[in-house]
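Enquirer: no sequence on hand, only this structure:
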């Protein structure tokens with residue numbers, strides 16, 4: 001703000017207020033008790049300009065006034081340092097204070113120097129063609145129902161102003177404040193409501209600590225809102241190339257409708273909040289390149305949540321969110337992405353929540369994860385692919401800490417979730433079906449809980465090493481239902497009607513309380529050093545349960561397995577040093593099929609037509625019993641390690 005040089009002044013003496021002269025009228029006379037109070041309004045005429053107001057009073061325009069000289073048309077200097085209760089009102093009365101186009105630097109419409117402004121109100125008219133329409137270095141200014149046009153800056157306030165129902169239009173280029181044409185430049189403590197800035201270079205430039213509510217900024221050529229620190233922008237309507245730039249800290253943008261053509265929100269500072277806004281870009285059509293919310297290289301400790309961001313594209317890439325940082329140098333921000341369209345790439349740790357069911361029609365993956373510690377909450381909705389799509393959720397490079405939960409992933413050309421590259425991840429409460437390749441590819445040291453995967457072209461679930469699966473249902477998949485790497489835990493799972501094995505595990509797996517039925521290969525198979533207990537396998541084409549070496553196969557139930565013929569066992573042991581104990585086989589091709597040696601086979605029962613146990617194994621007595629037989633009458637009938645063929 002430039003202080004003007006000394007301008008001619010007109011001093012209105014208090015004694016002159018009792019008479020009605022040119023430019024002065026008596027507005028009201030009221031009687032209170034025995035006293036008489038005269039309230040006067042002073043008319044400002046063309047001949048008074050330039051006018052310096054030094055006395056508190058109510059002033060008004062009776063016609064449009066013009067000023068093309070240097071300095072301010074009207075300045076207010078009430079000496080408020082000694083007169084704190086002074087009040088001054090200028091009622092434009094529906095008329096215009098008119099300058100010229102272009103406005104030269106230093107020409108003010110109304111000027112208020114430092115130390116003034118408290119109790120000053122300007123309202124009800126229009127100001128045209130000034131360097132600054134209203135320029136205030138003081139605090140406490142009030143402006144309402146004033147339109148500004150063709151001013152380099154419409155309103156320039158030092159702070160604590162209240163600005164209501166003002167319109168700022170076509171502010172032209174100039175050198176005043178930030179080297180750009182500014183509709184309103186505001187500082188600390190200012191309250192702005194129901195104002196509009198349009199066709200300016202910068203709509204509202206706000207240095208700090210201001211509240212802006214229910215305002216609009218349209219078609220400003222550079223920035224709609226340029227914020228310092230401590231500014232609240234609430235329930236505003238914004239449409240400009242760059243809508244909101246957040247340079248500083250502790251700003252709030254909430255409940256706004258934002259329509260950028262280049263950049264929606266440019267987040268450069270720290271500790272800001274961007275909450276519950278609706279941001280819509282121009283869409284993929286045309287030549288415009290637009291970003292929704294951009295995180296600058298220094299953006300940190302910001303909270304971004306509940307925003308609906310869509311329609312922002314750069315070329316063929318969706319750019320609703322953009323990050324100058326990469327995962328390796330990411331500064332902490334609390335980011336929740338409310339996902340409203342696909343495809344979306346996630347480059348920083350955040351929570352992604354679907355706003356509704358989404359479908360991808362492009363030849364890409366739906367969500368691509370390129371950061372650690374990303375949570376995708378489908379929120380009960382579906383993520384659906386189409387012909388030519390790739391993966392529903394893809395992790396193309398090494399990450400960790402991915403969480404995917406609570407929804408449906410279906411009909412992708414590739415896999416529903418391709419997360420082999422993501423370790424220490426969690427997948428829960430998911431329905432994954434009808435994908436062209438795998439339902440779910442899981443990285444090492446991860447967990448899968450309450451997932452139903454069916455009708456996928458290859459496996460239902462393929463997991464890497466040290467993965468824990470529980471309460472999984474895998475059915476009607478093109479290959480195995482569940483396939484795990486070494487040291488897996490598979491508890492309380494069900495695999496049925498798969499074109500491969502129901503459940504397959506490599507080394508050192510634990511499989512408990514699982515059921516495998518009607519699969520076109522084994523019900524359950526495992527390599528070496530595994531433990532399978534309290535499981536059931538029925539009506540599988542090959543073995544019901546098949547183990548390699550050094551496994552424990554205990555307390556399982558098998559029935560009707562081996563329909564393909566060719567010596568398939570209810571329980572088959574291919575290797576050595578296994579313990580087969582407490583199992584029951586009913587109606588399998590072979591009840592027990594022990595192919596290797598040095599195995600312990602005790603306390604099993606089987607009623608298949610035959611069984612086979614290779615020589616060189618450690619057996620409990622194998623007793624043939626019939627219905628109604630008394631075990632105490634059979635030799636070794638009560639042997640604690642006896643096996644029963646019945």
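Expert: Nice, thanks for sending it over. These figures come from a predicted structure and were not determined experimentally.
Enquirer: residue contacts, residue 620?
Expert: Residues in contact with residue 620, defined by Cβ atoms under 8 Å, 6 or more residues apart in numbering, are 601-603, 639-643. All C-beta spots, glycine's among them, are computed from the backbone N, C-alpha and C.
Enquirer: inside helices: which ones of the residues you listed?
Expert: When helices are assigned by DSSP state H, not one member of the contacts of residue 620 lies inside them.
Enquirer: least confident of these?
Expert: Lowest pLDDT among these: residue 639, with 85.
Enquirer: name the nearest residue to that one, ignoring sequence neighbours.
Expert: Leaving aside its sequence neighbours, residue 639 sits nearest to residue 621 (Cβ to Cβ, 6 or more residues apart in numbering; 5.1 Å).
Enquirer: so where is the protein shaky, pLDDT-wise?
Expert: Filtered on pLDDT under 70, the chain yields the residue ranges 1-39, 80-86, 117, 172-182, 186-188, 285-287, 325-331, 627-633.
Enquirer: closest one of the contacts of residue 620 to residue 212?
Expert: Taking Cβ to Cβ as the measure, residue 212 lies nearest residue 603 of the contacts of residue 620, at 79.2 Å.
Enquirer: could you check how far residue 446 is from residue 409?
Expert: To residue 409, residue 446 is 16 Å away according to Cβ to Cβ, to the nearest Å.
Enquirer: what does residue 77 give?
Expert: 70 Å.
Enquirer: and those two? Which one has more around it.
Expert: More neighbours surround residue 409 than the other of residue 77 and residue 409, with 30 against 15 (other Cβ atoms under 10 Å).
Enquirer: quick one, phi/psi of that one?
Expert: With angles defined as degrees, to the nearest 10, residue 409 sits at phi -130, psi 120.
Enquirer: residue 391 is in contact with that one, correct?
Expert: No - between residue 409 and residue 391 there is no contact under Cβ atoms under 8 Å: 9.3 Å.
Enquirer: who touches both of those two?
Expert: By Cβ under 8 Å, 6+ apart, the residues touching both residue 409 and residue 391 are 416-417.
Enquirer: name the residues of stretch 274-282 that are buried.
Expert: For stretch 274-282, the neighbour count (16 or more other Cβ atoms under 10 Å) marks 274-275, 277, 279-282 as buried.
Enquirer: show me which pair in those is furthest apart.
Expert: The distance between the two most remote of the buried residues of stretch 274-282 (Cβ to Cβ) is 23.7 Å, for 275 and 282.
Enquirer: from residue 93, how far off is residue 43?
Expert: As judged by Cβ to Cβ, residue 43 and residue 93 stand 9 Å apart.
Enquirer: what touches both of those two?
Expert: Residues touching both residue 43 and residue 93 (Cβ under 8 Å, 6+ apart): 60-62.
Enquirer: export those residues to TSV and append columns for secondary structure and neighbour count.
Expert: Below are the shared contacts of residue 43 and residue 93 laid out as TSV (DSSP: H, G, I helix; E, B strand; the rest coil; neighbours: other Cβ atoms under 10 Å):
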residue	secondary structure	neighbour count
60	strand	20
61	strand	20
62	coil	13
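Enquirer: and which of those is nearest residue 359?
Expert: Nearest to residue 359 among those is residue 61, at 60.3 Å by Cβ to Cβ.
Enquirer: dig out what the closest one forms beta bridges with.
Expert: Applying DSSP bridges to residue 61 gives these bridge partners: residue 44.
Enquirer: for it, give me its contacts.
Expert: 43-44, 90-93, 95, 97, 125.
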